[in-house]
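Enquirer: the sequence isn't on hand, but the structure is:
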């Protein structure tokens, strides 16, 4: 293969990789929309929706006993999942899931929620198609040999996440499993990003700071995002137990006192990140324009997240802030990861 052919394949590979990563990131937005609108159970089965390839437009298209039919199907899938957990020794977790009352709740048909969940699944399929092309290019071209491991990791995480999505639906959005579903999405995205990076730098190589600082920052932001997912699940628990509002008054703010210590960590860590980012920015602003200064963008996004978090508490988790919070948090984590990869080799 000539050098020109190799370069052309590399360009195509990176473009397909960009489409793949973009489609996965779009799923963060759609997933946030699904969660904010309560559409996670808009389709009680998976991969179909009420047994159809496209959601029905009215309840008249469903059998009279559709709630019972799909509940029984869910229970069968859950039974298989519990058997798998017990096979690997997670007996206590399996028992907790089996006793959860949410497993026995029936879902009424809502066309809006059904279509929101269905669109989310369609884009999941789109991400899968891009991923298939992406990994095929990696294995069919010798010039992309060094990208195969990470492309494979991203693809495996995507497949596992698709399967876990069916478990999320079957267990009626069981706390813990939703968080794990979110975690796998990031592992999938980072796998694909690493594959693109192995084919060539994504960001311009730089030497603005110590890469160890960015490595620590990335781990902290990663933990913060996962804690945010768990905190969101705690809000659902407060709502289900009718303790969503402070002092039990619907005119009050969010009952943040009813949430555990992990929420306290999630609440105050962004302030620490913001202070560190501002200090780093002030020290380097005379050398680097603010538009090219990574610390400026970290500080800006972090400040916006703190503001959205405050709105969450004051106005009891509005839908628009839920979506914005998830997208910005995902963007912050992805951005810090890209910066971490962009350090010059001699600094790694």
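Expert: That came in fine, so what should we check first? Just so you know, these numbers come straight off a predicted model, no measurement behind them.

Enquirer: would you map the helices across the stretch 101-250 of the chain?
Expert: 111-140, 148-170, 177-199, 211-240 (DSSP state H, counting those that start in this stretch).

Enquirer: wait, which of those is closest to residue 38?
Expert: helix 111-140 (6.7 Å; CB to CB). Every C-beta, even on glycine, is put in place using the N, C-alpha and C of the backbone.

Enquirer: buried set for that closest one?
Expert: Residues of helix 111-140 classed as buried: 113-121, 123-124, 126-128, 130-131, 134-135, 137-138 (neighbour count, 16 or more other CB atoms under 10 Å).

Enquirer: among the helices of the stretch 101-250 of the chain, which is nearest residue 259?
Expert: Between these, helix 211-240 lies closest to residue 259; by CB to CB that is 4.8 Å.

Enquirer: that closest one - what's its average pLDDT?
Expert: Helix 211-240 shows a mean pLDDT of 89.

Enquirer: C-terminal to that helix, what's the next element?
Expert: Note on helix 211-240: by DSSP states H and E, the next helix or strand toward the C-terminus is helix 261-284.

Enquirer: pull out the buried positions in that following helix.
Expert: 263, 266-267, 269-270, 273-274, 276-278, 280-281, 284.

Enquirer: what's the answer for stretch 308-323, then?
Expert: 308, 309, 311, 312, 316, 317, 321, 322, 323.

Enquirer: now the two most distant members of those residues.
Expert: Farthest pair in the buried residues of stretch 308-323, by CB to CB: 316 and 323, 15.4 Å.

Enquirer: looking at this structure, which helix or strand does the model trust least?
Expert: helix 91-99 (a mean of 78; mean pLDDT, DSSP states H and E).

Enquirer: give me the angle between it and helix 148-170.
Expert: Here the directions of helix 91-99 and helix 148-170 differ by 40 degrees (axes from the mean of the first three to the mean of the last three CA atoms, to 10 degrees).

Enquirer: which helices and strands does helix 91-99 pack with?
Expert: Secondary-structure packing of helix 91-99 (3 or more CB pairs under 8 Å, 6 or more residues apart in numbering; DSSP states H and E): helix 66-87.

Enquirer: next, the angle from the helix it packs on to helix 148-170.
Expert: Using the same axes, to 10 degrees: helix 66-87 against helix 148-170 is 130 degrees.

Enquirer: pLDDT of helix 66-87, averaged?
Expert: Mean predicted confidence for helix 66-87 is 80.

Enquirer: run the chain-centre distance for that helix.
Expert: With CA atoms, centre = their mean, to the nearest Å as the basis, helix 66-87 stands 24 Å off its chain's centre.

Enquirer: so which elements touch it?
Expert: By 3+ CB pairs under 8 Å, 6+ apart, helix 66-87 packs against helix 91-99, helix 148-170.

Enquirer: closest to residue 81 out of those helices?
Expert: Counting by CB to CB, residue 81 lies closest to helix 148-170 out of the helices and strands packed on helix 66-87; the figure is 5.5 Å.

Enquirer: what is the burial count for residue 25?
Expert: 16 (other CB atoms under 10 Å).

Enquirer: so which elements touch the helix or strand hosting it?
Expert: Per DSSP H and E: residue 25 is located in helix 3-36. Packed against helix 3-36 by the contact rule (3+ CB pairs under 8 Å, 6+ apart) you find helix 111-140, helix 177-199, helix 319-341.

Enquirer: so how far is it off the chain centroid?
Expert: Worked out by CA atoms, centre = their mean, helix 3-36 lies 15 Å from the chain centre.

Enquirer: any idea which residue is closest to the centre of the protein?
Expert: The residue lying closest to the centre of the chain (CA atoms, centre = their mean) is residue 182, at 3.8 Å.

Enquirer: if I look at that one, how far off is residue 45?
Expert: As judged by CB to CB, to the nearest Å, residue 182 and residue 45 stand 22 Å apart.

Enquirer: the residue lying closest to residue 269 once chain neighbours are set aside: neighbour count?
Expert: Spatially, and ignoring its direct neighbours in sequence, residue 269 is nearest to residue 224 (5.3 Å; CB to CB, 6 or more residues apart in numbering). Applying other CB under 10 Å, we find 20 residues neighbouring residue 224.

Enquirer: do the same with residue 65
Expert: Residue 65: 10 neighbours (other CB under 10 Å).

Enquirer: and it, how far from residue 71?
Expert: 10 Å.

Enquirer: what's the answer for residue 311, then?
Expert: 36 Å.

Enquirer: kindly report the same for residue 32.
Expert: Relative to residue 71, and taking CB to CB, residue 32 is found at 27 Å.

Enquirer: before we move on, what about residue 213?
Expert: 51 Å.
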